[in-house]
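**Student:** sharing a model that was predicted from the sequence below.
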There are 2 protein chains.
Amino acid sequence: MQPVPEEQEGRDPAAVPHKARGLSRRSLMGIFGITGATATLGVAGYAGVSQLTKPAPTPTVETEQVQASDVVAFDGIHQAGIATPAQSNVVLTAYDVAGTAGKAEIAAVMKAWTLAGRALTTGSSMEGDPDISTGSSTASLSITVGVGATLVEKIKAQRPGALVDLPAFAGDQIDPLRSGGDLVVQLCADDPLVLAQADRVLTRLARGILRVRWQEQGFGSTGARKDGRTGRNLMGQLDGTNNVTTSALAKAGPIWVSDDGPAWLAGGSYLVVRRIRMLTEQWDQTNKGQQERVIGRTKDTGAPLGSKLESDFVDLEAKNPDGSLTIPADSHVRLAKPASSAENMMRRGYSYRGAVLPDGSVDQGLLFLAFQKDPSTSFIPVQQRLAAHDALERFTLTTSSGVFAILPGVSAESDWLGSALFS
Amino acid sequence: MQPVPEEQEGRDPAAVPHKARGLSRRSLMGIFGITGATATLGVAGYAGVSQLTKPAPTPTVETEQVQASDVVAFDGIHQAGIATPAQSNVVLTAYDVAGTAGKAEIAAVMKAWTLAGRALTTGSSMEGDPDISTGSSTASLSITVGVGATLVEKIKAQRPGALVDLPAFAGDQIDPLRSGGDLVVQLCADDPLVLAQADRVLTRLARGILRVRWQEQGFGSTGARKDGRTGRNLMGQLDGTNNVTTSALAKAGPIWVSDDGPAWLAGGSYLVVRRIRMLTEQWDQTNKGQQERVIGRTKDTGAPLGSKLESDFVDLEAKNPDGSLTIPADSHVRLAKPASSAENMMRRGYSYRGAVLPDGSVDQGLLFLAFQKDPSTSFIPVQQRLAAHDALERFTLTTSSGVFAILPGVSAESDWLGSALFS
């Protein structure tokens, strides 16, 4: 396969939208055809699956113009936005199927979203695009789509055992209208204007079929970032240390559903969403020493108590000279530590700041997003430990919640998101 | 005056907080003492007033460590955050005076905010700082404080004639609980985590005296940015072209109150806040040509219709071959154009995205912020024209509103915000 010459408007009318948006974006038009070259331009590890199956073309002038660092490939075995580096901002939207719309209508939305996803992530223009970020980069936009148990039941598909309803955890105060949903779309990018545009495009393409149920916005990723640093959450902790890592290119891995799920989910994952309010007024009244004992790590460096570096091993057996545990029995890091690899989750959380609450404080905290192979063996047992014993629970309040089956990636140009579920 | 050696914890206990936050911030400790040097490091045009009155020190190793591009001087004739370059994010908070608190209590808050402002903007640690952005840069944080007419009346000061109540404009649907307020604080920075920290510090210092009335968050400045580019708003327009410019160092200028206001406001300004929802679903259904006639500028380049460049003169007399006006009679650019210099405003708006509305659309739009010498001769007549005739009004809905007198800057180390009003 050869790169698309700049004059040509795209190699496949179904896959590449009809017109370039401007000079700065024109050079991105050929991205789908030159994934072999993009790997050498810095997106190795999160280029599309076509990189694996097609010979790398000889780089040309066009490939040098591609702003590869601003493009996260939409196509792949797995959807982007999971194992790809976390961008600075997120918009998370849950949709419900409107009225009597059925499988065929949802399939039409999924096909449209697939084409739109390819266009938006490469900065190509498309019919119906409100064109609000003209001249901006694509800001590493990623689009990740999942389905809730309610949708699986509506279309009478087999509900996977791992697509559980979360149990009620002690201390939760869940707002049902801000929880759940038939579908979820996670949009991540390094520019909130690009997110606003993508959100408008996808919502508009679903008009009459899907209705927005809730939407959350976040900033300051606490997941695995491009710069390799761990972000701080709104309690000031380094959040995301010892995260699970996996490749977006590997078929199997700690968070991917393989043969153990239904066929329509092979290559997918599960996303648990929790909107965790931080009771910052109470937290800010504790001193740093107290905060560090609650977390089990030092605030400045993120090192486990008794250690020096963030990356140091969390030694749960270590004792102080007086015989007490160095990492307290009720500390968050102790209780959150996976008891086995079955509890592994890839966290990709963001901070959120929302409305002023009736008491005059600001609703703010963590939009906890965690991808996993099976919530019933990972998130649920971990959260049951935390809800019962974690010293951090006194400073948080979870107000919304959701579990979604994240669809496999689209790995052929004729394919579309959820084709195996909605066909 | 010599820069503060790194070992020394600050030259003036009143002006410089007690302890450095970490290595990367430690080098910023001496910033107040080395403003002469910072000017050569890239903050010329918005360094503090002490630059004007004190001899420049010889640069030393310490001054080279100062990340001057991340620091906007808190001290100056005028407050920062007005004529200083617009950062990427804003948090705007209105407070009401709680219960029976009077002038003395408010003065105490203002003194505490002044010290906190110096500490936060230079990345120095201080008592009561929740320390949530340790290791981050100060992200050009600016802090700008104003007072509403209700506060001026509560403390029985003379209400300036220009501190008007806005009239009801046709089409507005104002939520009074999300409007007005006794005080306003505009926090701007290039990192929302830094804004969250500053907001927490200031609100905590005011506990028991000021209560949060409302808070808005914005991104994607449409004001005069550091990079010199004009930002796009959520309609996709380049927003902020032909903005009024002035110097943060000049005593007088198009937006500064001088001898024409009360003495406590000399060097201050007025801020008009309008939360303008964009009816994006309706807007996105118009085509680009219609949008350009509504605005009077081309969407891609921002050039006035009939011209080529964003910076081209807006020729309101120009006609099409058929004799019609090139820039339509009801276009936004025609009606918004100042009829005289008295109508000049410095716009510093941000995009906002908020809650999902009952109809399933997302509340999003422009947080219009405009600084001016006198709203009764600038914002009010301009908005009356727009409300009556502007084609853009069909696509917007203003839901909250406020006018604040922005206090003069603090231009001596012993001085504090509002000293002339609250003493």
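**Tutor:** Happy to help now that I have it.
**Student:** just the strands in chain A please.
**Tutor:** Along chain A, the stretches classed as strands by DSSP state E are A:19-20, A:89-97, A:124-125, A:142-147, A:183-189, A:210-219, A:269-278, A:346-347, A:350-356, A:362-372, A:396-406.
**Student:** so is the last one next to chain B?
**Tutor:** Just to be clear, that refers to strand A:396-406. No - on the criterion C-beta under 8 Å from any C-beta of the partner chain, strand A:396-406 is out of touch with chain B, staying 12.6 Å away. In this view, the C-beta of every residue, glycine as well, is placed from N, C-alpha and C.
**Student:** what is that strand packed up against?
**Tutor:** On a contact count with 3 or more C-beta pairs under 8 Å, 6 or more residues apart in numbering or on different chains; DSSP states H and E, strand A:396-406 meets strand A:142-147, strand A:183-189, strand A:269-278, strand A:362-372.
**Student:** can you check the second one too?
**Tutor:** With contacts defined as 3+ C-beta pairs under 8 Å, 6+ apart, the secondary structure elements packing on strand A:89-97 are helix A:149-154, strand A:183-189, helix A:192-205, strand A:210-219, strand A:362-372.
**Student:** will you turn those into a markdown table that also has mean neighbour count, distance to residue A:339 and mean pLDDT?
**Tutor:** Below are these laid out as a markdown table (neighbours: other C-beta atoms under 10 Å in any protein chain shown; distance: least, C-beta to C-beta, whole Å; pLDDT from 0 to 100):
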| stretch | mean neighbour count | distance to residue A:339 | mean pLDDT |
| --- | --- | --- | --- |
| helix A:149-154 | 18 | 26 | 97 |
| strand A:183-189 | 27 | 28 | 98 |
| helix A:192-205 | 24 | 36 | 96 |
| strand A:210-219 | 22 | 28 | 98 |
| strand A:362-372 | 24 | 14 | 97 |
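**Student:** out of the ones you listed, the one nearest residue B:346 is which?
**Tutor:** For these, the distance to residue B:346 is smallest for helix A:192-205, at 22.0 Å, taking C-beta to C-beta.
**Student:** and residue A:417, what does it touch?
**Tutor:** A:79, A:110, A:113, A:114, A:117, A:145, A:407, A:410 (C-beta atoms under 8 Å, 6 or more residues apart in numbering or on different chains).
**Student:** and residue A:360, by the same measure?
**Tutor:** Applying C-beta under 8 Å, 6+ apart, we find residue A:360 in contact with B:211, B:212.
**Student:** same question, residue A:141
**Tutor:** Counting by C-beta under 8 Å, 6+ apart, residue A:141 touches A:72, A:87, A:120, A:121, A:187, A:188, A:189, A:194, A:195, A:198.
**Student:** these two touch, right, the last one and residue A:186?
**Tutor:** Think residue A:198. No - taking C-beta atoms under 8 Å as the definition, residue A:198 is not a contact partner of residue A:186, at 10.8 Å.
**Student:** how many neighbours does residue A:169 have?
**Tutor:** A count of nearby residues for residue A:169, using other C-beta atoms under 10 Å in any protein chain shown, gives 17.
**Student:** tell me the backbone dihedrals of it, please.
**Tutor:** Dihedral pair for residue A:169: phi -100, psi 140, per degrees, to the nearest 10.
**Student:** is it in contact with residue A:382, as I believe?
**Tutor:** No - between residue A:169 and residue A:382 there is no contact, the gap being 10.7 Å when judged by C-beta under 8 Å.
**Student:** still on that earlier bit, let me have the strands of chain A in TSV, extended by distance to residue B:244.
**Tutor:** Below are the strands of chain A laid out as TSV (distance: least, C-beta to C-beta, whole Å):
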stretch	distance to residue B:244
strand A:19-20	36
strand A:89-97	30
strand A:124-125	34
strand A:142-147	39
strand A:183-189	32
strand A:210-219	30
strand A:269-278	40
strand A:346-347	46
strand A:350-356	31
strand A:362-372	32
strand A:396-406	43
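**Student:** tell me which of the ones you listed sits nearest to residue A:106.
**Tutor:** Closest approach to residue A:106 among these (C-beta to C-beta): strand A:89-97, 6.6 Å.
**Student:** pLDDT score assigned to the closest residue to residue A:310 other than its chain neighbours?
**Tutor:** Take residue A:310 and drop its neighbours on the chain: the residue closest to it by C-beta to C-beta, 6 or more residues apart in numbering or on different chains is residue A:302, 3.7 Å away. Residue A:302 is assigned 96 on the pLDDT scale.
**Student:** and for residue A:302, the neighbour number?
**Tutor:** Counted with other C-beta under 10 Å, the neighbours of residue A:302 add up to 23.
**Student:** gap between the residue sitting furthest away from the middle of chain A and chain B?
**Tutor:** Relative to the C-alpha centroid of chain A, counting by C-alpha atoms, centre = their mean, residue A:322 is the outermost residue, at 43.4 Å. According to C-beta to the nearest C-beta, to the nearest Å, residue A:322 and chain B sit 28 Å apart.
**Student:** so residue A:174 touches residue A:277, yeah?
**Tutor:** No - using C-beta under 8 Å, residue A:174 makes no contact with residue A:277, being 11.6 Å away.
**Student:** between the two, which contacts overlap?
**Tutor:** Common neighbours of residue A:174 and residue A:277 (criterion: C-beta under 8 Å, 6+ apart): A:398, A:399.
**Student:** pick out whichever of those two has more residues nearby.
**Tutor:** Legend: neighbour count by other C-beta under 10 Å for residue A:174 and residue A:277, higher for residue A:277 (22 against 18).
**Student:** what's residue A:157 sitting at in phi/psi?
**Tutor:** phi -90, psi 170.
**Student:** that one - how many residues pack around it?
**Tutor:** For residue A:157, using other C-beta under 10 Å, the count is 16.
**Student:** residue of the stretch 51-200 of chain A closest to chain B, please.
**Tutor:** Nearest to chain B in the stretch 51-200 of chain A, going by C-beta to the nearest C-beta, is residue A:132, at a distance of 3.5 Å.
**Student:** not counting sequence-adjacent ones, nearest residue to that residue?
**Tutor:** Spatially, and ignoring its direct neighbours in sequence, residue A:132 is nearest to residue B:236 (3.5 Å; C-beta to C-beta, 6+ apart).
**Student:** quick one: that neighbour and residue A:129 touch, right?
**Tutor:** No - at 9.6 Å, residue B:236 and residue A:129 do not qualify as touching, with contact defined as C-beta under 8 Å.
**Student:** contacts only, for residue A:381.
**Tutor:** Taking C-beta under 8 Å, 6+ apart, one finds A:339, A:343 in contact with residue A:381.
**Student:** one step back: now the residue nearest to residue A:132: how far from residue B:397?
**Tutor:** 18 Å (C-beta to C-beta, to the nearest Å).
**Student:** which of the two has more residues huddled nearby?
**Tutor:** The residue with more neighbours, out of residue B:236 and residue B:397, is residue B:236; 26 against 16, by other C-beta under 10 Å.
**Student:** per-residue confidence for that one?
**Tutor:** At residue B:236, pLDDT is 95.
**Student:** repeat for residue A:169
**Tutor:** Residue A:169 is assigned 97 on the pLDDT scale.
**Student:** who's in contact with it?
**Tutor:** A:383, A:384, A:387, A:398.
**Student:** which helix of chain A spans the most residues?
**Tutor:** helix A:103-122 (DSSP state H).
**Student:** that helix packs against which elements?
**Tutor:** Applying 3+ C-beta pairs under 8 Å, 6+ apart, we find helix A:103-122 packed against strand A:142-147, helix A:192-205, helix A:419-422.
**Student:** what's the angle from the second one to strand B:350-356?
**Tutor:** To tie it back to what came earlier, the one meant is helix A:192-205. In terms of direction (axes from the mean of the first three to the mean of the last three C-alpha atoms, to 10 degrees), helix A:192-205 departs from strand B:350-356 by 40 degrees.
**Student:** elements contacting helix A:192-205?
**Tutor:** strand A:89-97, helix A:103-122, strand A:183-189, strand A:210-219, helix B:280-284, strand B:350-356, strand B:362-372.
**Student:** quick one: which of those is nearest residue B:393?
**Tutor:** Ranking the helices and strands packed on helix A:192-205 by their distance to residue B:393 (criterion: C-beta to C-beta) puts helix B:280-284 first, at 11.8 Å.
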